[in-house]
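# Fold the following and give me the result.
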Amino acid sequence: MNRVLLCLPVLVWSAVTSAPAAQIERETFGCKSMANAERLTALRMSEDEGAYEDRLGRLLRAGECRAWAVDDAVTIEDEADSFVCLAPKGSRGHCFWSARASTGSP
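Next up, the predicted model:
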């Protein structure tokens, strides 16, 4: 009985801290700041392709955003309505906010 009670906190901790795995289904971007991800998504949907490309390029060069390629293995670290915060699988750094649809996540 004591062994079970001693193992219980470890089991609960591992269940809470294990992030779900996912795979990128279409080329996209992710940003450390959800505000930047939202702004880029709005620009992508607008008719101003130049503004989208310019802003994305600046944020990628600054290290604020990153590109995700099809089939990149990621973990979902956090979730919001239409965005998920993704980290490269096995990584313990920043996560990057990306459109939920890019992972096929419901």
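
# so which strand or helix has Arg58?
Applying DSSP states H and E as the criterion places Arg58 in helix 49-62.

# can I get the CA coordinates of the next helix or strand after that helix in PDB?
Next helix or strand after helix 49-62 toward the C-terminus (DSSP H and E): strand 65-68. The C-alpha trace of strand 65-68 is given here as PDB (Å, rounded to 0.1, in the frame of the first residue of the first chain):
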ATOM      1  CA  CYS A  65       8.900  33.300 -35.500                       C
ATOM      2  CA  ARG A  66       9.900  30.000 -37.200                       C
ATOM      3  CA  ALA A  67       8.800  28.000 -40.300                       C
ATOM      4  CA  TRP A  68       7.200  24.600 -39.900                       C
END
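
# Do me a favour and average the pLDDT over strand 65-68.
The pLDDT scores in strand 65-68 average 97.

# buried residues in the helix holding Arg58?
By 16 or more other Cβ atoms under 10 Å, the buried positions in helix 49-62 come out as Tyr52, Arg55, Leu56, Leu59. Bear in mind the C-beta positions are built from the backbone N, C-alpha and C, glycine included.
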